[in-house]
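> 3D model of this:
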Amino acid sequence: MKPIIASDTIPPEDAIRTDQAKQPPALYLLFFVEMWERMSYYGMRALLVLYMTAATTAGGFGWSKSDALSLYGWYTGLVYLTPLLGGYVADRFLGLRKSVTLGATIMMIGHIAMAVPGLSSFYLGLGCLILGNGFFKPCMGQLVGGLFAEGDRRRDGAYTIFYVGVNTGAFIAPFVSGTLGEKYGFHWGFGAAAVGMFIGQILFLTVGPKLLGNIGIKPAALVQKEKNIAGQVRSALSKIEKDRLFVIFALMFFVVIFWTAFEQAGGLMTLYTAEKVNRFVLGFEIPTTWFQSLNPVFIMTLGPLFAWMWTRLALKGRDPSAPQKFGWALLLMGVGFTFMVFAAQESAASGMASVHWILLSYFFQTCGELCMSPVGLSMVNKLTPNRFGTIMMGVWYLSFAVANKMSGVVGSFAEKLGETQLFAAIAATAFVCGAALLLFVAKPLQRKMHGIH
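Next up is the predicted model:
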């Protein structure tokens, strides 16, 4: 009788079982599907705050910075709240594959609505994007985990490679949607995002059946019911499973701190870059939205290195635990915002800050992200019992929801406190939380993971 193990978030009989060092081909399918979906999301996100704050004569709504950042926080927060609903529906009724297709279709409708001028179509578009993302996002993370059998050490590396796909799309987005939006009109940029979403889904529907096989077709609840009938499993949580779930919930606090700081990139840091950074390089003024590509460029450059590093350390038995990686992520975030403090001091003294401060800040924030985001996805996949794996992925995204809303609230304080003080407060919070996690929290949580790294 095979007991339920937390890493079995996809029915084990459907997992691709191979001990080879190379990653399964289906990973690269998911890589490209996620790339096009993220191209659509980040293309819209690069324009969102600029669109809301632009004068009506320039095609925007003419909102204040505080109002725009508040709505930005609500939007990005709700984007990460709906995966809880989407995960429940996927586990109970639809399965992963149908949920991905449904979510992608709703998001495409949302991008099309955003391409139509007017406040009503704007809110309709945001609503569709929020709802569609709820079905799409948790299921993609679970499909990646389903490619591996229990105990496969390639999993963390696979999630890092998958995360490179996320950021490849984020890299493309500002150059396509951002440039169209800034040069030809915001609605052209929003329309381009719909095209990216369409390409990703055509790829998923045509290539997916061949490479994914049976992975993600059956809802987890149906698989659980079949096993209960066969007398193979019990539904009650064991002590080990409860401990592992506790680890996930405990780390969500630190995830909120990290992403509250990180998501300043789409709000406060975008406005700061537009107004107080000297964007002229060799006589060319870099469009503000192009700075949104710095993070994905660094991800694409450093991601394979991190994936190789985690895999090599795991093979040698020296791979840091997920809580330890989270601690380092927060420390690196603190370093990144220390450079933003230097930028704010320079702009306060001379009117404009040098662009190299922005480059350094995004670099260290990205290094922190690589220690946090793909590792977190892998950790949830490994620690969660299979019978509610996608729901727990949705629960994990609750921390992102809180963080994104908090990022808008925190960013809005810049007008009252000033950028220097606010950037310093963010850096200090990241340093303190990272040190506390490494020194006092990581080891107790690691014990509760019961052998899972």
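> Which strands and helices lie in contact with the helix or strand harbouring residue 183?
Assigned by DSSP states H and E, residue 183 belongs to helix 179-184. If contacts are counted by 3 or more CB pairs under 8 Å, 6 or more residues apart in numbering; DSSP states H and E, helix 179-184 sits against helix 25-53, helix 186-212. No exception for glycine: its C-beta is placed from N, CA and C like everyone else's.
> Give me the buried positions along it.
179-182 (16 or more other CB atoms under 10 Å).
> And the helices and strands packed on helix 179-184: which comes nearest residue 147?
Nearest of those to residue 147, taken as CB to CB: helix 25-53 at 5.6 Å.
> ok now the closest one, how far from the chain's centre?
10 Å (CA atoms, centre = their mean, to the nearest Å).
> any idea how far residue 408 lies from residue 142?
28 Å (CB to CB, to the nearest Å).
> Quick one: the strands in the protein, in order.
Assigned by DSSP state E, the strands in the chain fall at 280-281, 284-285.
> Can you give the strand pairings for the first one, parallel or anti for each?
Strands that pair with strand 280-281, judged by DSSP bridges, come out as strand 284-285 (antiparallel).
> quick one: contacts of the partner strand?
Under the contact criterion CB atoms under 8 Å, 6 or more residues apart in numbering, strand 284-285 has outside partners residue 279.
> To residue 317, which of the helices and strands packed on helix 179-184 lies closest?
Closest to residue 317 of the helices and strands packed on helix 179-184, according to CB to CB: helix 25-53, at 24.2 Å.
> In terms of mean pLDDT, which of the helices and strands packed on helix 179-184 ranks lowest?
With a mean of 87, helix 25-53 has the lowest mean pLDDT of the helices and strands packed on helix 179-184.
> For that one, buried residues please.
Within helix 25-53, the residues scored as buried using 16+ other CB under 10 Å are 26-27, 29-53.
> Over to stretch 154-169?
Across stretch 154-169, burial judged by 16+ other CB under 10 Å covers 154-169.
> now stretch 407-425
Buried residues in stretch 407-425, counting neighbours by 16+ other CB under 10 Å, are found at 407-408, 410-412, 414, 419-420, 422-425.
> same deal with stretch 227-247?
The neighbour-count check on stretch 227-247 (16+ other CB under 10 Å) flags 227, 233, 240-241, 243-245, 247 as buried.
> Now distance to residue 266 too, for the residues you listed, in TSV please.
As requested, those are exported to TSV (distance: CB to CB, whole Å):
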residue	distance to residue 266
227	43
233	43
240	39
241	36
243	36
244	32
245	31
247	29
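> Point out the ones among those that are inside helices.
Counted as lying in helices by DSSP state H, out of the buried residues of stretch 227-247, are 227, 240-241, 243-245, 247.
> show me what contacts residue 248?
Counting by CB under 8 Å, 6+ apart, residue 248 touches 379-380, 383-384, 392, 395-396.
> Show the buried residues in these.
In terms of neighbour count (16+ other CB under 10 Å), the buried residues within the contacts of residue 248 are 379-380, 383-384, 392, 395-396.
> Counting only helices, which of the residues you listed make the cut?
Per DSSP H, those map to helices at 379-380, 383, 392, 395-396.
> Can you pick out the most distant pair from these?
Top of the distance list for these (CB to CB): 379 and 395, 12.9 Å.
> if I look at the nearest residue to residue 294 once chain neighbours are set aside, how far off is residue 56?
Distances taken as CB to CB, 6 or more residues apart in numbering put residue 362 closest to residue 294, at 4.1 Å, once the chain neighbours are dropped. According to CB to CB, residue 362 and residue 56 sit 32 Å apart.
> Residue 346 now?
Remark: distance between residue 346 and residue 56 (CB to CB) = 33 Å.
> got it, and residue 26?
From residue 26 over to residue 56 (counting by CB to CB), the distance is 48 Å.
> quick one: which of residue 362 and residue 56 has more around it?
Using other CB atoms under 10 Å as the criterion, residue 362 and residue 56 rank with residue 362 on top: 24 against 8.
> So that one sits against residue 295, correct?
Yes: contact status for residue 362 versus residue 295: in contact at 5.3 Å, counting by CB atoms under 8 Å.
> shared neighbours of those two, anything?
Common contacts of residue 362 and residue 295 (CB under 8 Å, 6+ apart): residue 265.
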